[in-house]
Structures are given as structure tokens and as C-alpha cells.
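**Q** Starting from these lines, generate the structure:
(chains A and B)
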Amino acid sequence: MHVGNARTGLFSWLFARHHGGTFILRVEDTDASRVTDEAIDILIDSLRWLGIDWDEGPEVGGPHAPYRQTERLDIYREKADALIAGGHAYHCFCTKEELEERRAAAMARHEAPGYDGRCRTLTDAERRAFEDEERPAALRFHMEDKEYTVHDLVRGDVHFAAGSLRDFVILRSDGSPTYLLAAAVDDLLMEMTHVIRGEDLLPSTPRQLAILDALGAPAHPTYAHLPLIVGADHKPLSKRHGSVAVEAFREQGYLPEALVNYLALLGWSKDESTTFLSRDELIEAFDLDRVSHNPAAFDTEKLEWMNGHYIKELQVDDLAARLLPFFSEAGVAVEPDVLSEAVPLINERMKFLPEAVELLRFLFTDDIRPNEKAAKLLAKAGPDYVRAAATALEAADPWTAEGIMAALDGCAEAAGLNRTKGWQPVRAAVTGSNISPPLPESLQLLGRERTLARVRSATG
RNA sequence: GCUCCCAUCGUCUAGGGGCCUAGGACGCCGCCCUCUCAAGGCGGAAACACGGGUUCAAAUCCCGUUGGGAGCACCA
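**A** Numbering: from 1, shown residues only, chains lettered A, B, ... in the order given. Below you'll find the predicted structure:
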């Protein structure tokens, strides 16, 4: 699920929750060739992960079931028949090649490239000829030659001039419905009151309005079109901008609360200064009147910062639990008790969950191989200093952060080194890295025996 | 090309005629703190696209220009 869709879903959900409405999840999979069961599962998983629940829809059911459009094909055919009977739709025999040819010609004449209405005015003889040669026919909706106005909650009234909207296909030649028909029919049948979607769908709204009218809908849903989310370069957000799928953010160790908070602020704001909003605060504060009109650039750095903030805010046990999958994925067997004690040492140095694995690996494996910088530190300190450090640590009493700190300081001082210079070789020997959680606390957690073994084996 | 949408720091945004020498946040820079890395604290640079109106007064209203975006599918 693309983050743009996630943002749209979030705004819809927040709007429904804020106003005490019913949030409906409908799977629009009328192009069966592009929608797989797996894709739908991912969509549902992603929504659940974000904490977006629905009152009607797949897996929860509801009075308007089914909620998957490919399970409602009979309904669309029936409504299509009604549109034909009412003179609102007609069969179109134009082939793909013919359409493309005429489209190109229209463009060459500097005219709008939409369908020219050819088959609407077929004579009986022409129609019969097509039928006799068994040409496949699509069903087109006939747009009236009048101005359409969309009352949009974000943008106000948007007018579409008469004649600017061409006839469009509502049933493909294989009999399957297109989005325009299916969505309009379902909005009517499911008693949809509000449709919140991306701005790219704004031009399709008058077409859906026309279908609704032709179907005799007593009222229209209220529409709200959200600004698009674009990449840092202001081009449509795509893979080349990095992660765009919610699943990818989850795998990289983003917290759903961080992503939700960040997404809420893309195109909406509570006031002039509020940055952090919990789920409940969002529901409380959210409404469409504060939705921005401009496309919003997705800023990964701000999301990262926000993720770091939410990681710091997490309770220790909660964070530890969320870390577990990342350790097991990395093949590091953790001792839960040690992890819980170590979490407070690292929670404010993380932006992503998987960072914990690198920071704490040294606690859960004795297979320490110094990285390049660690090796350099050890070489520079020399075996004599490292041996002295081992001796000092052996004598540390008690084996607590305070006791260890005193031992390390004593050792550094004896060698005429400051803390930074004196401690770094020990850090390198014990963690295999130049970067680690605070050293005394780390050693305390590791235990005296394992610490000494590592320092001694680093002498050379 | 045609139709529609949009225009405040690099980015997300506040602002709706006087509270604006334009506020907040990310990022950036500097300083402080400091055992590494972070986090944190303090400070700083940084924007009303342009041109015309309207008005005593315009970032705010109107028109135009320019620039960006979306749509124009037997995709959704």
C-alpha cells in the first residue's frame, strides 16, 4: 500500500471517527488483472498495522456486503442495463486502433482527445453490421451537454464546462465494469455520505455524479479531494524516491504511531505549532476545513526524526517487545531480561528499530570481531594499555557502573589519558566497535568474566 | 493541445486586510553538555513567484503573467 493511499485512508478514517460516522472499506478490484488476493491481504495488514479499523468491509462484514467489487459484478450489470434502458448508455464498437487514431487526429487539430461520440449516432444498419461481424462492444455512458459542478469540501465549488466531459466506458467489452460505474453504483447502494480521495480523482467526480443522477440517486455523496503527496523533487512519489509502501516502512523499523502522526501532518495541521498528536488527539482535532490545497512533498528526514521521537517515548517493555522480531531476523538470540535492561541505554540513540541489533549485538554473542575503527583504536592504544585495562577491570569493585567507571578512570589516568582516549580501546575490545551504548553500563550488563575475556583477547 | 487544481523559509506548515520587523517543526550552521554515538539545551541563517489593481492599509481580496501539478484509458 502506497503511503499516498495510506494518507487518504487515514484522513477518511479520522474524518469518520471525528464525526462519529461509519468507516467503510471497499475493495475496488474491477481490473482483476491488476489486483491479486495477496495485494488485498497486504492492504488489509497495512491498514491494521497503522491502526485504521473499519466498521464495514472485508473480514468484518456489514449490511451492504459483499465489499469486494469483483463479488458484485451482477449488481453492476443490472445497473448498466438500467442505464441503457434509460437512454444513458450505448454500445460502442470502436476498436482500440480506431480510438487511438481518432485521438491522435484530435490532438493534431488541437482539440481535446476524449471520445468523439461516434457510436452514439450509429444508424440501425451500421449497428447491425457490427453485430453481424460479432465485433466486441463496450458500453459507454452518455454525458449530457451541460455544466457540472462538484461541491468539494476542500476546494469549494469546481465547475466543469459543458462539453468538456466526454462519453466514457462503464462496461468493458468483456462485460466487466470499470471503476467509474462500480464506484458510483456502490456509493449509491452503500449509502455513502462522504468520499475522501486524492486530487487525481477530481476530474472523475462529475462523471460519477452523472451516473448517480442517471440512476435516480436521491442525493450525492459529499466529496473532498486531498492534495497529492509527491517526492522531494515534487514529482509523483515512486520507488525511486525510496520507500513508498507502508510495508517497507514497517520492515525498516518505523513505528506505526510515527508514520500516522507524520502522515496526518502531510496536508493537514491542527494549529500553528502542534507537532505531536496521539491517535486520540488526531481524532479529536481532525477535520477537513484545515486540509491544505497544495501538494505535499514527502520528507523522509522529518519522518525519521519523528520515528526517533516516538521510540524514545515508548515504555521500556514495549520497545523491547517491538525489537524482538528484528533481533530474530538478524539471527541474534536475545536474553529477554538482558534486553530489557539494555533498552534504556539505547532508546534515545535510535531512529529505527533495527539499529538496536547493531548497538546490542555484543551482549548476545561472544563472537566479537573488531571493525576497522575498533581495530585502529586497539592498535593505537597498544597491548600494554589494554592489559592494564584488563587488570584494572579485574579489580573493579563492585561490578557496577560506578565501580567500573572508577576502574576505567584509574587506568586512563595512570596512562595520562583523558576519558575519551582511555575508554575507547576498552569499548573497541568489548563491543568490536567505536560506537556503543554508555560503556560502564554496557560492561556491567555483560558481566565481569565476559568483559575480561574480551579485553584480554584483544591484547594481541 | 484541451479541462481542472495549486503557488509563504530547501521541506511540512501557521496566517483569511492592520496583531507580520511573517510564527512553529524537520533539515542546515554555531555554542553548551558529554566516555563513543546519539539525545538534550541555547542561539543563528533561511520564505510571502512576478506584475497590475481594490483599500487609509494586502502574504491575506480581484485580474493577469510565470511556474508547478492532475486529468483527458475497455487503469483506478
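**Q** now the strands: where do they sit in the stretch 251-400 of chain A?
**A** Secondary structure of the stretch 251-400 of chain A by DSSP state E, counting those that start in this stretch: the strands cover A:296-297.
**Q** Spell out which parts of it neighbour RNA strand B.
**A** Residues of the stretch 251-400 of chain A lying close to RNA strand B (CB under 7 Å from any atom of the strand) are A:265-269, A:271-273, A:275, A:290, A:292-297, A:299, A:301-302, A:304-305, A:308-309, A:312, A:348-350. Backbone N, C-alpha and C define where each C-beta goes, glycine included.
**Q** What subset of those is buried?
**A** A:265-269, A:295-296, A:304, A:308-309, A:349-350 (16 or more other CB atoms under 10 Å).
**Q** Go through those residues and name the one nearest residue A:235.
**A** Set against residue A:235, the nearest of those by CB to CB is residue A:295 (10.3 Å).
**Q** what's that closest one in contact with, if anything?
**A** Contact partners of residue A:295, counting by CB atoms under 8 Å, 6 or more residues apart in numbering, are A:199, A:227-230, A:234.
**Q** circling back to that earlier point, closest to residue A:102 out of the buried ones among the residues of the stretch 251-400 of chain A next to RNA strand B?
**A** Of those, the one sitting nearest to residue A:102 (CB to CB) turns out to be residue A:295, at 33.0 Å.
**Q** For the closest one, give me phi and psi.
**A** According to degrees, to the nearest 10, the main-chain angles of residue A:295 amount to phi -60, psi 140.
**Q** Just the pLDDT at it, thanks.
**A** At residue A:295, the model reports a pLDDT of 94.
**Q** got it, and residue A:460?
**A** pLDDT recorded at residue A:460 is 64.
**Q** Can you flag the buried ones in the contacts of residue A:295?
**A** When these are checked for burial by 16+ other CB under 10 Å, the buried set is A:199, A:227-230.
**Q** Can you name the element that comes right after the lowest-mean-pLDDT helix or strand in chain A?
**A** Least confident helix or strand, chain A: helix A:96-108 with a mean of 88, by mean pLDDT, DSSP states H and E. Using DSSP states H and E, the helix or strand that directly follows helix A:96-108 along the chain is helix A:124-132.
**Q** Could you list the buried residues of that following helix?
**A** For helix A:124-132, the neighbour count (16+ other CB under 10 Å) marks residue A:130 as buried.
**Q** contacts for that helix?
**A** Residues contacting helix A:124-132 (CB under 8 Å, 6+ apart): A:91, A:93, A:122, A:137.
**Q** which one of those residues is nearest residue A:1?
**A** So of the contacts of helix A:124-132, ranked by how close each gets to residue A:1 (CB to CB), first place is residue A:137, at 35.4 Å.
**Q** Quick check: nearest residue in space to that closest one, chain neighbours excluded?
**A** Closest residue to residue A:137 apart from its sequence neighbours, by CB to CB, 6 or more residues apart in numbering: residue A:91 at 4.1 Å.
**Q** so what strands line up beside the helix or strand containing the one you found?
**A** Under the criterion of DSSP H and E, residue A:91 resides in strand A:89-92. Partners of strand A:89-92 in the sheet, by DSSP bridges, are strand A:138-141 (antiparallel).
**Q** Would the strand it pairs with count as contacting RNA strand B?
**A** Yes: for strand A:138-141 and RNA strand B, the contact criterion (CB under 7 Å from any atom of the strand) is met by residue A:138.
**Q** Render the CA-only coordinates of that strand in PDB, please.
**A** Coordinates of each C-alpha in strand A:138-141 appear next as PDB, following Å, rounded to 0.1, in the frame of the first residue of the first chain:
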ATOM      1  CA  ALA A 138     -18.100  -1.800 -24.800                       C
ATOM      2  CA  LEU A 139     -20.800   0.200 -23.000                       C
ATOM      3  CA  ARG A 140     -20.400   3.900 -22.900                       C
ATOM      4  CA  PHE A 141     -22.100   6.400 -20.600                       C
END
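**Q** restrict the contacts of residue A:295 to contacts with RNA strand B.
**A** Within the contacts of residue A:295, those near RNA strand B by CB under 7 Å from any atom of the strand are A:199, A:227-228, A:230, A:234.
**Q** roughly how far out does the least confident helix or strand of chain A sit from the chain middle?
**A** Centroid separation for helix A:96-108 versus its chain: 38 Å, with CA atoms, centre = their mean, to the nearest Å.
**Q** Same question for stretch A:213-232.
**A** That offset, for stretch A:213-232, works out to 22 Å (CA atoms, centre = their mean).
**Q** go on, stretch A:313-321?
**A** 23 Å.
**Q** That one: which residues count as buried?
**A** A:314, A:319-320.
**Q** How about stretch A:35-45?
**A** By 16+ other CB under 10 Å, the buried positions in stretch A:35-45 come out as A:35, A:43-44.
**Q** cool, and stretch A:342-358?
**A** Applying 16+ other CB under 10 Å to stretch A:342-358 flags A:342-343, A:345-347, A:349-358 as buried.
**Q** could you give the mean pLDDT of that stretch?
**A** pLDDT averaged over stretch A:342-358 gives 97.
**Q** Distance check, the residue nearest to residue A:135 when sequence neighbours are not counted against residue A:405.
**A** Nearest residue to residue A:135, sequence neighbours excluded (CB to CB, 6+ apart): residue A:93, at 4.8 Å. From residue A:93 across to residue A:405, the span is 86 Å (CB to CB, to the nearest Å).
**Q** returning to what we had before: if we take the buried ones among the contacts of residue A:295, which one ends up nearest to residue A:217?
**A** Of these, the one sitting nearest to residue A:217 (CB to CB) turns out to be residue A:199, at 23.5 Å.
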